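1. sharing a model that was predicted from the sequence below.
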Amino acid sequence: MKLTKEELEVLYILEENHRQSTEVIAKQLQMSEEKVEKIIKKLEQNKVIVSYPAIIDWSKVEGQENVIAMIEVNVTPKRGVGFDEVAERIYRFPEVTSVYLMSGSFDLSVSVEGKSLKEVATFVSEKLSTIESVVSTRTHFLLKKYKHDGVIIEGKENIDRRMVVTP
Amino acid sequence: MTDYNQFLSKTVIDLPPSGIRRFFDVASKMENVISLGVGEPDFVTPWNIRDETIASIEDGYTSYTANPGLLELRQEISNYLNNRFKIEYNPENQIIVTIGASQALDLAFRALLNPGEEVLIIEPAFVSYPALVKLAGGKPVQVGTSAENGFKVTPEQIEAAITDRTKAILICSPNNPTGTFLNKADLEKIAHVAMKHNLVVITDEIYAELTYDEEYTSMASIPGMYERTITINGFSKAFAMTGWRLGYVAAPVPIVQAMLKIHQYTTMCAPHMLQHGAIEALRNGKEQVSEMKRSYRRRRNFIVTSLNDIGLDCHTPGGAFYVFPSIKNTGLTSEEFAEELLKKERVAVVPGNAFGKSGEGYIRCSYATSMEQLQEAIVRMERFLQSLNINKEQLALEK
């Protein structure tokens, strides 16, 4: 889908921070608010904009420190549907937060979130591994997030080190 | 008690302290200040540039370089000026890498000026210009511009200031503090006057990459101007490398060789390892520059619209990251406005008169700060303006 320069500008802004009001976006792009709203609506309808989640550092929230695992999954693709069918069977589980088809030594990269190590382990052994086309899994538990979706979680660079007034 | 004035140079004693300095002292002691007073990017230098510099330290590049800088860097600068602005400078003998564009300016004035010779400075202007001219023994002559003309200088204004001692014109586009951008036609007018009166033009192009509406034209590319133009640029603003203090100057051979004499005796060379970072910036920094530029452009649009909305008359500047709104309708002077705004609402701006007489009645707001901060600053400024209006009404009632 070919986008106009203006539509692209709106996307760049939303990708950076989608909580800005249409009024503020309009001022930045010297457009009317109606136009910004129209563009956003169009991009939503076309599923170019899929969703508006926030990046949350759950490790900071007591009782919410989830265990995250990234699992390399090897599967046997099926005639006619390839990897799509097994991918679908995997992503339907609510514990699964992402599923990507990969090139290289494994087929699907699956992220799973659970309340405890045990919960994730149970999911892998009882739900994931038992799917018919799944040949093997290798589970890697995530220890610390440094950067997520282009955002540095807690960097030294997030501090403004400039003097208050300079020429 | 020792009278130190007897020890100090008269020129230095007579230099006025920067109007910005005083403001900095007040603002830096306050908490919860939103600063629109910062004259540098809010980005950190792109990582690839820092990484390359760290590697050069690891590899032991800690010695002096050639006086004008690494030839490899001068070659990159030469390529850049040629590709970007269509001006050709020989890296062997027409380019010097300096300690910021500031040193390049200093070298230019010292190389050009005999005692008492005059330099026309288009105002409002960067705070260092007049001082640099004085330190070089010259006399700064301020040429004021006005908001009605978008702070662009007219040939008539320049000609009115020319005397038989005038040596050079100093221009800066896009401008600090007004953000004013001079397009090709504007430059041609200035060029015409310079050629007619046989003047040198020193052009400070440090903000050249940060232009938002029109293509940039470099003064040296105007027919007839190359031979009398000193082109000054650097890495600070385009690549967010202010603290690196790296700039450069390019000019005809005899001028550069004269400047090089001063440079070799006073400075030797720019820091070796940093020059490696600068090479990386010119080779692989284009993408990041355009990303930063896109971000500045959006913020410019936001702040210009917002300032006009809350009742401060503000023209749309073509470049840099400053806007220069008028505060004349408040009845306050620039300094009063800036001081009150800082005290009451903790928003730091720089009073326009710090940049010369024609800046009186204006304030400089830098939008090189986050959108969240800009939005909050606008809220605070609007509240401040409303409180001023209430005061005015009260005064009127009392009368």
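-> Yep, it's here.

2. tell me where the stretch 151-300 of chain B has helices.
-> B:155-161, B:184-196, B:253-266, B:272-284, B:286-309 (DSSP state H, counting those that start in this stretch).

3. and the ones you listed, which is most packed in?
-> helix B:272-284 (a mean of 21; mean count of other CB atoms under 10 Å in any protein chain shown). In this view, the C-beta of every residue, glycine as well, is placed from N, C-alpha and C.

4. could you export that one as CSV, CA atoms only?
-> Extracted C-alpha coordinates of helix B:272-284, given in CSV (Å, rounded to 0.1, in the frame of the first residue of the first chain):
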residue,chain,number,x,y,z
HIS,B,272,43.0,13.3,17.2
MET,B,273,40.5,10.7,18.4
LEU,B,274,37.5,13.0,17.9
GLN,B,275,38.5,13.6,14.3
HIS,B,276,37.9,9.9,13.7
GLY,B,277,34.4,10.3,15.1
ALA,B,278,33.9,13.2,12.6
ILE,B,279,35.0,11.0,9.7
GLU,B,280,32.3,8.4,10.7
ALA,B,281,29.7,11.2,11.0
LEU,B,282,30.3,12.4,7.5
ARG,B,283,30.5,8.9,6.0
ASN,B,284,27.6,7.3,7.7
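
5. quick one: average pLDDT of that helix?
-> Averaged over helix B:272-284, pLDDT sits at 98.

6. helices or strands next to it in the packing?
-> Packing partners of helix B:272-284 (3 or more CB pairs under 8 Å, 6 or more residues apart in numbering or on different chains; DSSP states H and E): helix B:47-58, helix B:71-85.

7. kindly recompute the last result at 10 Å.
-> Using 3 or more CB pairs under 10 Å, 6 or more residues apart in numbering or on different chains; DSSP states H and E, the elements in contact with helix B:272-284 are helix B:47-58, helix B:71-85, strand B:95-98.

8. output the shortest one as CSV, nothing but the C-alphas.
-> So that's strand B:95-98. Coordinates of the C-alpha atoms in strand B:95-98 are reproduced here as CSV (Å, rounded to 0.1, in the frame of the first residue of the first chain):
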residue,chain,number,x,y,z
ILE,B,95,40.4,23.3,4.8
ILE,B,96,41.3,23.5,8.5
VAL,B,97,39.6,21.3,11.2
THR,B,98,39.0,23.6,14.2
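
9. now that strand: buried residues?
-> Residues of strand B:95-98 classed as buried: B:Ile95, B:Ile96, B:Val97, B:Thr98 (neighbour count, 16 or more other CB atoms under 10 Å in any protein chain shown).

10. next SSE after that strand?
-> helix B:100-112 (DSSP states H and E).

11. and the stretch 101-250 of chain B, which residues reach chain A?
-> For the stretch 101-250 of chain B, the contact set with chain A under CB under 10 Å from any CB of the partner chain comprises B:Ser102, B:Phe126, B:Val127, B:Ser128, B:Asn176, B:Pro177, B:Thr242, B:Gly243.

12. what does chain A have sitting close to chain B?
-> Residues of chain A lying near chain B (CB under 10 Å from any CB): A:8-9, A:12-13, A:16-17, A:19-21, A:23-31, A:155-167.

13. which ones among the residues you listed map onto helices?
-> A:Leu8, A:Glu9, A:Tyr12, A:Ile13, A:Glu16, A:Glu23, A:Val24, A:Ile25, A:Ala26, A:Lys27, A:Gln28, A:Leu29 (DSSP state H).

14. wait, isn't the second one in contact with A:Ile40?
-> In other words, A:Glu9. No: the pair A:Glu9 / A:Ile40 is not scored as a contact, 11.8 Å apart, by CB atoms under 10 Å.

15. find residues that contact each of these two.
-> A:Ile25 (CB atoms under 10 Å, 6 or more residues apart in numbering or on different chains).

16. need the single longest helix in chain B, by residues.
-> Every helix in chain B considered (DSSP H), the longest is helix B:371-398.

17. how about it: buried residues?
-> B:Met371, B:Gln373, B:Leu374, B:Gln375, B:Ala377, B:Ile378, B:Arg380, B:Met381, B:Glu382, B:Phe384, B:Leu385, B:Leu388.

18. who touches the last one in this structure?
-> B:Leu388 makes contact with B:Gly311, B:Ile327, B:Asn329, B:Thr330, B:Gly331, B:Leu332, B:Phe337, B:Glu340, B:Leu341, B:Lys344, according to CB under 10 Å, 6+ apart.

19. can you turn the buried part of the residues you listed into a ChimeraX selection?
-> A single ChimeraX command selects the buried members of those (16+ other CB under 10 Å):
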select /B:311,327,330,332,337,341
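
20. any idea where the helices of chain A begin and end?
-> Under DSSP H, chain A gives helices at A:5-16, A:22-29, A:33-45, A:84-91, A:117-122.

21. which residues does the closest residue to B:Pro46 other than its chain neighbours contact?
-> Nearest residue to B:Pro46 in three dimensions, chain neighbours excluded: B:Gln288, at 4.5 Å (CB to CB, 6 or more residues apart in numbering or on different chains). B:Gln288 makes contact with B:Phe43, B:Thr45, B:Pro46, B:Trp47, B:Asn48, B:Ile49, B:Ala238, B:Phe239, B:Ala240, B:Ala281 under the criterion CB under 10 Å, 6+ apart.

22. wait, which of the residues of the stretch 101-250 of chain B next to chain A is closest to A:Glu113?
-> Closest approach between these and A:Glu113, by CB to CB: B:Gly243, at 41.3 Å.

23. so where's chain B shaky on pLDDT?
-> B:399 (pLDDT under 70).

24. what's the domain layout of the chain?
-> Looking at chain A here, since you left the chain open. What the record gives for chain A is the domain set A:5-45, A:58-144, from automatic domain parsing.

25. that's the wrong chain, I wanted chain B
-> Split by automatic domain parsing, chain B gives B:4-45+B:287-387, B:48-284.

26. ok, the residue in the stretch 201-350 of chain B that chain A sits nearest to - contacts?
-> Using CB to the nearest CB, the closest approach of the stretch 201-350 of chain B to chain A is made by B:Arg298 at 3.9 Å. Neighbouring residues of B:Arg298 by CB under 10 Å, 6+ apart: A:9, A:12-13, A:16, A:24-25, A:27-30, B:212, B:367, B:371.

27. buried ones among the residues you listed?
-> Neighbour counting by 16+ other CB under 10 Å classes A:Glu9, A:Ile13, A:Val24, A:Ile25, A:Lys27, A:Gln28, A:Leu29, B:Tyr212, B:Tyr367, B:Met371 among the contacts of B:Arg298 as buried.

28. now for those: which two are most distant?
-> A:Val24 and B:Tyr212 (18.3 Å).

29. now the strands for chain A?
-> With strands called from DSSP state E, chain A shows them at A:67-75, A:96-101, A:108-114, A:134-141, A:147-148, A:151-152.

30. residues contacting the nearest residue to B:Tyr322 once chain neighbours are set aside?
-> Of all residues not flanking B:Tyr322 in the chain, B:Gly179 sits nearest, at 4.6 Å (CB to CB, 6+ apart). Taking CB under 10 Å, 6+ apart as the criterion, B:Gly179 is in contact with B:150-151, B:173, B:207, B:210-212, B:300, B:304, B:314-324, B:364-367.
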